[in-house]
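Asker: Okay, predicted coordinates and the sequence, questions at the end:
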Amino acid sequence: TTDSGEEVSNREVKNILQQAIDDENKKKPLTDEALKLILQEKGYQIARRTVAKYREQLNQPVARLRKEL
């Protein structure tokens, strides 16, 4: 749900997550906690564990494995 109580699809949240991961600095990728904060800024109340679950469903590894030198 959003801050206003509106129900949203998990596909919508996954799209925002994917966009954030695509736009991140590859030398310093975003952690699950940072991704959670991005979603909260957009008004989505979501737990870090849920962010991790959605990230895995998008076939995105954890931040340390996404890091490029």
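Answerer: Noted; the coordinates are in hand.
Asker: Quick one: residues contacting residue 44.
Answerer: Residue 44 is in contact with 2, 8, 13, 16, counting by CB atoms under 8 Å, 6 or more residues apart in numbering. In short, each C-beta sits where N, CA and C put it, glycine included.
Asker: Tell me the bridge partners for the first one.
Answerer: It refers to residue 2. Beta bridges link residue 2 to residue 44, judged by DSSP bridges.
Asker: what about it, how many residues close to it?
Answerer: A count of nearby residues for residue 2, using other CB atoms under 10 Å, gives 11.
Asker: Now do it, the pLDDT please.
Answerer: For residue 2, the pLDDT comes out at 76.
Asker: Equivalent analysis for the second one, please.
Answerer: Per-residue pLDDT puts residue 8 at 81.
Asker: Which other helices and strands does the longest helix along the chain contact?
Answerer: Using DSSP state H, we find that the single longest helix of the chain is helix 10-23. With contacts taken as 3 or more CB pairs under 8 Å, 6 or more residues apart in numbering; DSSP states H and E, helix 10-23 sits against helix 32-41, helix 48-57.
Asker: OK, contacts around the residue nearest to residue 52 when sequence neighbours are not counted?
Answerer: Excluding its sequence neighbours, the residue lying closest to residue 52 (CB to CB, 6 or more residues apart in numbering) is residue 32, at 4.8 Å. Applying CB under 8 Å, 6+ apart, we find residue 32 in contact with 48, 51, 52, 55, 62, 63.
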